[in-house]
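Undergrad: build me a model from this:
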Amino acid sequence: MKDRKINPQSDHNPSMIGDDRLASLTVTEFFDGIAKVVEQSRAHVERSVNVAMCVTYYEVGRLIVEQEQSGASRATYGKRLLNALSAYLTERCGKGWSVGNLKNARQFYQVYSPSIRQSLIGESELRQSLSANFTLSWTHYLILMRIKNEDVRRFYEIEATNQQWSVRHLKRQVDSSLYERLALSRDKEEIMFLALEGQTIEEPRDMLKNPLVLEFLDLEQHPAYSESDLESAIIANLQKFLLELGKGFLFESRQKRFAFDEKSFFVDLVFYNRLLQCYVLIDLKTGELRHQDLGQMQMYVNYVDRYIKQDFEKPSIGILLCQEKNDNIVELTLPQDSNIYASEYSLYLPDKTLLQRKLAEWTAEFEEAHGDDGK
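TA: Below is the predicted model:
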């Protein structure tokens, strides 16, 4: 049977198949419906494969731990057990069961079993409900289960799930200490919510990180770079910069021109945050932040609020992105209700241990200053 030919008018437009215009809408909807079924099926298959792999490794890890616990000398017995098990599974089930993978399965169970068992009633419910607990791929969990702090691990798991982070982006956020950088920009009560809800954007301070990490710009090899170089590098890596800024950011323009009294002023970068429903103006400073820089940004924000912002939109936000800032100068220059913020940036991944120590010191200082009220 020969393939049915579509008339020339419809070769490039499925909606024009046939002569009846009313029927053409049905054809378009039919094609779209089929495409959605295929897409949903593919997503379901991928999700099913990921869940099945995680459940398999979890159960393998459980059986290994239970068997090791019955051994007379756990360390020696465990090593012999994994070597023998690896050889047996490789022969019977094929590749993928190296000693390293079995150790990963054991660690996976040890890390996640306490929280899973705590939320379930009995062993039968545990086996029936395992799939609901794993929302990411096995490769994601290989990164997550090496995070020792449960609150920090839970934060990254929530964010990776909600934001659909790739494995590469998850690794980058862990390496750049996203949790610690967000925590250092919040008070003690808000830190607790990071582990429970992930990052929520409800007010301007929620978007701040300390510092903003821009290692992807590859400028650390050029110590004499200018503000123009920094801006051009950001534009060239705009997608990565938006990911580092966080949730809800949309890029609008660079070198935005404001003109009044026959004078022109230029803001380096202008964004819009759809979650806060406001403009976000960013000026780049390669040296130490000065009080004049803060005053200039205040002028930019005032201009946008008076001449550009719509009535339904929230007040604009100004961010001075600088290499170095003096918090006392920022505090003395700006009024307390100002929507202007100074944020440092780093051109290399931060020292995680240093940030963790700073966070511990900050938390201790907060508790000492607030006493029982800070708990």
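Undergrad: stretch 101-108: which residues count as buried?
TA: For stretch 101-108, a neighbour-count test (16 or more other C-beta atoms under 10 Å) marks N101, L102, N104, A105, R106, Q107, F108 as buried. From N, CA and C alone the C-beta is placed, and that goes for glycine too.
Undergrad: stretch 186-193 now?
TA: Within stretch 186-193, the residues that count as buried by 16+ other C-beta under 10 Å are R186, I191.
Undergrad: now do that stretch, average pLDDT.
TA: For stretch 186-193, mean pLDDT rounds to 75.
Undergrad: contacts only, for the closest residue to R274 other than its chain neighbours.
TA: Nearest non-adjacent residue to R274, counting by C-beta to C-beta, 6 or more residues apart in numbering: G248, 4.8 Å away. G248 is in contact with I201, N273, R274, L275, L276, counting by C-beta atoms under 8 Å, 6 or more residues apart in numbering.
Undergrad: how does it look with 6 Å?
TA: I201, N273, R274, L275 (C-beta atoms under 6 Å, 6 or more residues apart in numbering).
Undergrad: give me the neighbour count for A87.
TA: 12 (other C-beta atoms under 10 Å).
Undergrad: what comes up buried for the helix or strand hosting it?
TA: Assigning secondary structure by DSSP states H and E places A87 in helix 74-93. By neighbour count, with 16+ other C-beta under 10 Å as the criterion, the buried positions of helix 74-93 are G78, L81, L82, L85, S86, L89.
Undergrad: got any ranges where the stretch 251-375 of the chain has weak pLDDT?
TA: Within the stretch 251-375 of the chain, the ranges that satisfy pLDDT under 70 run 366-367, 369-375.
Undergrad: now the helices for it?
TA: Secondary structure of the stretch 251-375 of the chain (DSSP state H, counting those that start in this stretch): helices at 291-307, 327-333, 352-370.
Undergrad: quick one: closest of those helices to P211.
TA: Distance to P211, taken as C-beta to C-beta, is lowest for helix 352-370 among these, at 9.4 Å.
Undergrad: returning to that earlier point: who touches the helix holding A87?
TA: For helix 74-93, the external contacting residues (C-beta under 6 Å, 6+ apart) are E68, G71, W97, S98, V99, L102.
Undergrad: by pLDDT, give me the weakest of those residues.
TA: G71 (61).
Undergrad: number of residues surrounding L332?
TA: 10.
Undergrad: any idea how far it lies from Q298?
TA: Counting by C-beta to C-beta, to the nearest Å, the separation of L332 from Q298 is 14 Å.
Undergrad: do the same with K95
TA: Between K95 and Q298 the distance is 62 Å, computed by C-beta to C-beta.
Undergrad: which one's more surrounded, those two?
TA: Shown here are K95 and Q298; by other C-beta under 10 Å, Q298 has more neighbours (17 against 8).
Undergrad: who touches stretch 168-185?
TA: Contacts for stretch 168-185 (C-beta under 6 Å, 6+ apart): 140, 143, 152, 155, 160, 191, 208-210, 213, 349-350, 352, 355, 359.
Undergrad: typo on my end, stretch 206-224
TA: Against stretch 206-224 from outside (C-beta under 6 Å, 6+ apart): 176, 181-182, 184-185, 201, 225, 233, 237, 240, 246, 343-349.
Undergrad: just the buried subset of those residues, please.
TA: For the contacts of stretch 206-224, buried by 16+ other C-beta under 10 Å: 176, 181-182, 184-185, 201, 225, 233, 237, 240, 246, 343-347.
Undergrad: now, which of those lie within strands?
TA: S343, E344, Y345, S346 (DSSP state E).
Undergrad: can I get the buried residues of stretch 101-108 in a markdown table with distance to G33 and secondary structure?
TA: Listed next are the buried residues of stretch 101-108 as a markdown table, based on distance: C-beta to C-beta, whole Å; DSSP: H, G, I helix; E, B strand; the rest coil:
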| residue | distance to G33 | secondary structure |
| --- | --- | --- |
| N101 | 41 | helix |
| L102 | 45 | helix |
| N104 | 41 | helix |
| A105 | 41 | helix |
| R106 | 46 | helix |
| Q107 | 44 | helix |
| F108 | 39 | helix |
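Undergrad: ok, these vs D311, which is closest?
TA: Of all these, D311 sits closest to F108, with 52.5 Å by C-beta to C-beta.
Undergrad: what's the spacing between the closest one and F134?
TA: 10 Å.
Undergrad: and the helix ranked longest in the chain, how far out from the chain middle?
TA: Secondary structure assigned by DSSP state H gives helix 21-69 as the longest helix of the chain. Its chain's average C-alpha position is 23 Å from that of helix 21-69, according to C-alpha atoms, centre = their mean, to the nearest Å.
Undergrad: what is that helix packed up against?
TA: With contacts taken as 3 or more C-beta pairs under 6 Å, 6 or more residues apart in numbering; DSSP states H and E, helix 21-69 sits against helix 99-118, helix 123-133.
Undergrad: out of those helices, which is the most enclosed?
TA: helix 99-118 (a mean of 16; mean count of other C-beta atoms under 10 Å).
Undergrad: can you show me the CA trace of that helix as PDB?
TA: Extracted in PDB, the C-alpha atoms of helix 99-118 (Å, rounded to 0.1, in the frame of the first residue of the first chain):
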ATOM      1  CA  VAL A  99      33.200  -4.000  45.200                       C
ATOM      2  CA  GLY A 100      33.100  -0.200  44.900                       C
ATOM      3  CA  ASN A 101      29.400  -0.200  43.800                       C
ATOM      4  CA  LEU A 102      28.500  -2.600  46.700                       C
ATOM      5  CA  LYS A 103      30.200  -0.300  49.100                       C
ATOM      6  CA  ASN A 104      28.100   2.600  47.700                       C
ATOM      7  CA  ALA A 105      24.900   0.500  48.100                       C
ATOM      8  CA  ARG A 106      25.900  -0.200  51.800                       C
ATOM      9  CA  GLN A 107      26.600   3.500  52.400                       C
ATOM     10  CA  PHE A 108      23.300   4.500  50.700                       C
ATOM     11  CA  TYR A 109      21.300   2.300  53.000                       C
ATOM     12  CA  GLN A 110      23.200   3.400  56.100                       C
ATOM     13  CA  VAL A 111      22.600   7.100  55.300                       C
ATOM     14  CA  TYR A 112      19.000   6.900  54.300                       C
ATOM     15  CA  SER A 113      17.500   4.100  56.300                       C
ATOM     16  CA  PRO A 114      17.100   6.100  59.600                       C
ATOM     17  CA  SER A 115      14.900   8.800  58.000                       C
ATOM     18  CA  ILE A 116      13.000   6.200  55.900                       C
ATOM     19  CA  ARG A 117      12.300   3.900  58.800                       C
ATOM     20  CA  GLN A 118      11.400   6.800  61.000                       C
END
